[in-house]
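Colleague: Fold the following.
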Amino acid sequence: MLREPTILHADADERPTSHLVHATMQFAMAVRYRVKVLLASLLICGLLGGLYYLTKTRYFAAKAALLVIETGADQSAMGVTGEGAQPTSAMPTYTNLITYPKVLEGALGHLRPEDCVDMDGLPRDKWVGVLRENLVVRSAIRGANFIEIGYYSRDRRAAVRVVNAVVASYCEFLSRTHRGAASEISRILTAKMGELEQRIAGTQQEVLQLRQRVGDLRLREDGRVVHPLVQRATSFNEELIAVQKQRLQLETSLASIEMAIRNGDDLQQHVMQVANVVGKEMLLRSLGFNPRDAATQAALDRDLLEDRAELKTMQEHLAPNHPDVVAAVERIRVKENYLVGYPQRVNEWLAQVQDTQLRPKLVQMVQQKLDEVCRLEASVKRQYEQAHAEATQLNAMLTNLENKERDLKRLQAWNERLLNKLTDLNIRQDGPDVRIEIVQEPKIAAGPAIPNRRRVALFSLLAGLGLGLLVIYVLDTLDDRFRSIEDLQAQLGTTVLSLLPQLDVTEGRGIDSLQVHVAPDARQSEGFRTLRTALALRDRQARRIVICSAEPGDGKTTVLANLGASYGQARKKTLLVDADLRRPALTSMMDMCGAEGLSTLICREGDLAVMAAATVRSSGIAGLDVLPSGPRFSNPAELLAQPRLAELLAWAESVYDQVLIDSPPALATSDAAVIGRLVDGVVMVVRPEKNCRRHVLRAAESFSSLHIPLLGVVINQIEAEHRSGYYGYGYGYDVHCESDERATRDRAARPALHCHNGGQARPLNRAL
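Modeller: Numbering: from 1, shown residues only. As a prediction, the model looks like this:
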């Protein structure tokens, strides 16, 4: 079982997989331990299942499978779809239609009185409800046109006849519905077509009127209508843009000339700019320059081109010094010199023109040209605005015309679809629109479908297992005990040092009550030697050890006394201290009641070593001494907290090899914690059959909070394995004996390893 984590086990959440496996194994052990609960649960559920099977009314099943074939092209025979509607599957409609009252009432009409065994004793108006309750209708395969019809009846033959009656009534209902629906649909479609034809005629008349108003020439360009008004507005717009561009150029030129005049700059550089705007010939004529010179220059340019072509032809056939070639070269040279000198002559002439004559001429010519362009711009702008208004009005009319034409096409297409539907409906009116094919005939059942033997048996088995495991889980959760050694170690965060069996009750007192002394070779004595070995093999040497338990009656005193006897048998000088000043069980076991002891040494003043040597008493076993508890005091905790106890333990460690201290239970008093702070560690005795897990954890937490080392746990009084195997504490003599001997042999085989006691070295195998 999963247990809640404790502060003593820091790695409880670091290995979830191992904890899960461990919890599973623990639950399997719980099931094995309480297997009778599981068997009882299986038996009870099995009996209930058998009783249900014997008392349940037998129902026999019959089943038929139908294939629904929709012969219509548009699958809309059950209704009229509107314009733009998407066709959908009608299989859910066909499936649910079977359970409607009209179909079931029609099925009752096909049944004979002996087929109505399930309606015996019921009024007629209840029969449809019984039929629907026992009827099972479903789609056999999702997305396919298959329907399964099943019926459960107390009579196996009646079940078959009811299924056949339902199938026959269903087919008749579909046939009647289709014929009636076809006539109604035909009437609706005819009326709908009449309305559409009227709308089509009205739309056509509107289209014709709009075309006459627009004067549409039906000229198309890239899918759009090109109208003369639109073309006229476009041309005016382009002309207006060109005029505005020319006006901007003139304004720029005029501004630059006026700025040059104000600044007194040379105006000759603006002459060519003005020539580009007003024209070169006009500019020269205005300034008094002979325009014939320009004509002469143009003629010379043409003659020069012709002479060059002629020279090239002659050079291909005549020598370079031929008279014709020389004459042609001379003509070309003369003309080129004249043309090259023409710009220089113009510049010289312009230089002769006075600024007083050039300035007003330039400004006048540019201003005159600017006025002409402005008048032209105003005229073109008026014409453009008029054409734009006419084109805008025309565009609205064209848009309306296009919308009407689209409406006309849509109405014509819809009318054509309705005509096709009406034609197809008239053709198929006499035949079924939905055809039903029986692909599986109902058969007489060999055995009852309800109750099903296999299902009842399987359900009883699963219910029994589930109930049994649930009961086991609840019982196991309520049981507040450790389940196994692994569970105890995981919860306490420490190791199990030894498993001690149930000891036989002895009549003797003193050393005669010690199992290790009375029967050293018995199986029960081996556990104490295993505990001695486990303490000796620890990495940290522990010479002063407190033996305690969580609650009274756990056997800590018996464990301490027998452990001390095993140390004595190993020739280790050992002192047993009875520090339980409330209920001195060790003093009573060793038959030393009434003698001075621990309380006397703590209360008296004087040399502690001398007093302790005189107070310690021999147990009768060589090497084993006992310090009784002494007289009782009313404040044991305050007595143990005095410094004299620490001095006494220091003296005992210097004299003895091992000091074992018996303390009160950890949960009963605080004496164990007071003593634990003065020793090397604590060994806790646990009885799994007796101790509650929470009590042991609380005792261990009390030591951990005070930083008192918990050396380990001794599991005491293990019963026979067949009685407590569920908890995993079965005691096997051979196993522990072999492990003890193997550990001893391994330890003895290691050279140069010794334990120290008061400066004297002893071989470790002897110390064991």
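
Colleague: contacts and neighbour counts: CA atoms only from here.
Modeller: OK.

Colleague: Can you show me the strands along the stretch 451-600 of the chain?
Modeller: With DSSP state E, counting those that start in this stretch as the criterion, the stretch 451-600 of the chain has strands at 496-501, 544-549, 574-578.

Colleague: on contacts alone, who are the packing partners of the first one?
Modeller: To tie it back to what came earlier, the one meant is strand 496-501. helix 523-536, strand 710-718 (3 or more C-alpha pairs under 8 Å, 6 or more residues apart in numbering; DSSP states H and E).

Colleague: Of all the residues in it, which ones are buried?
Modeller: For strand 496-501, the neighbour count (16 or more other C-alpha atoms under 10 Å) marks 496-501 as buried.

Colleague: Format the strands of the stretch 451-600 of the chain as TSV; extra columns: mean pLDDT.
Modeller: TSV is the format used below for the strands of the stretch 451-600 of the chain (pLDDT from 0 to 100):
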stretch	mean pLDDT
strand 496-501	89
strand 544-549	94
strand 574-578	95
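
Colleague: Using a markdown table, please lay out those together with distance to H707.
Modeller: As requested, the strands of the stretch 451-600 of the chain are exported to a markdown table (distance: least, C-alpha to C-alpha, whole Å):
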| stretch | distance to H707 |
| --- | --- |
| strand 496-501 | 20 |
| strand 544-549 | 14 |
| strand 574-578 | 22 |
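
Colleague: Can you verify my assumption that T494 contacts V714?
Modeller: No: in this structure, T494 is not within contact of V714 by C-alpha atoms under 8 Å, at 10.9 Å.

Colleague: The two - which one has more neighbours?
Modeller: Set T494 next to V714 and count neighbours by other C-alpha atoms under 10 Å: V714 wins out with 24 against 16.

Colleague: For S618, see how far away the more buried one is.
Modeller: Distance from V714 to S618, counting by C-alpha to C-alpha, to the nearest Å: 26 Å.

Colleague: again, but for V136
Modeller: Taken as C-alpha to C-alpha, the span from V136 to S618 is 94 Å.

Colleague: More neighbours: which of the two?
Modeller: Neighbour count, other C-alpha under 10 Å: between V136 and S618, V136 has more, with 16 against 13.

Colleague: Dihedrals phi and psi, that one?
Modeller: Main-chain torsions, V136, degrees, to the nearest 10: phi -120, psi 120.

Colleague: in the sheet, who's paired with it?
Modeller: G150 (DSSP bridges).

Colleague: in the stretch 651-768 of the chain, which spans are strands?
Modeller: 658-662, 681-686, 710-718, 754-757, 760-763.

Colleague: could I get the ones you listed as a markdown table with mean pLDDT and distance to L467?
Modeller: Shown next, in a markdown table, are the strands of the stretch 651-768 of the chain (pLDDT from 0 to 100; distance: least, C-alpha to C-alpha, whole Å):
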| stretch | mean pLDDT | distance to L467 |
| --- | --- | --- |
| strand 658-662 | 95 | 48 |
| strand 681-686 | 94 | 34 |
| strand 710-718 | 90 | 32 |
| strand 754-757 | 32 | 59 |
| strand 760-763 | 33 | 61 |
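
Colleague: For A144, which of these is the nearest?
Modeller: Proximity to A144 (C-alpha to C-alpha) singles out strand 710-718 among the strands of the stretch 651-768 of the chain, at 69.6 Å.

Colleague: What is the closest one packed up against?
Modeller: strand 496-501, strand 681-686, helix 693-705.

Colleague: switch the cut-off to 7 Å
Modeller: strand 496-501, strand 681-686 (3 or more C-alpha pairs under 7 Å, 6 or more residues apart in numbering; DSSP states H and E).

Colleague: Okay, angle between the last one and strand 658-662 too, please.
Modeller: When axes from the mean of the first three to the mean of the last three C-alpha atoms, to 10 degrees is applied, the directions of strand 681-686 and strand 658-662 differ by 50 degrees.

Colleague: what's the angle between strand 681-686 and helix 693-705?
Modeller: Interaxial angle, strand 681-686 versus helix 693-705 (the same axes, to 10 degrees): 180 degrees.

Colleague: do you know which of the helices and strands packed on strand 496-501 lies nearest K404?
Modeller: Across the helices and strands packed on strand 496-501, closest to K404 is strand 710-718 (C-alpha to C-alpha), at 100.6 Å.

Colleague: joint contacts of T494 and V714?
Modeller: Common neighbours of T494 and V714, counting by C-alpha atoms under 7 Å, 6 or more residues apart in numbering, are absent.

Colleague: Let me know which of the strands of the stretch 651-768 of the chain is the nearest to R509.
Modeller: The closest of those to R509 is strand 658-662. By C-alpha to C-alpha, the value is 18.0 Å.
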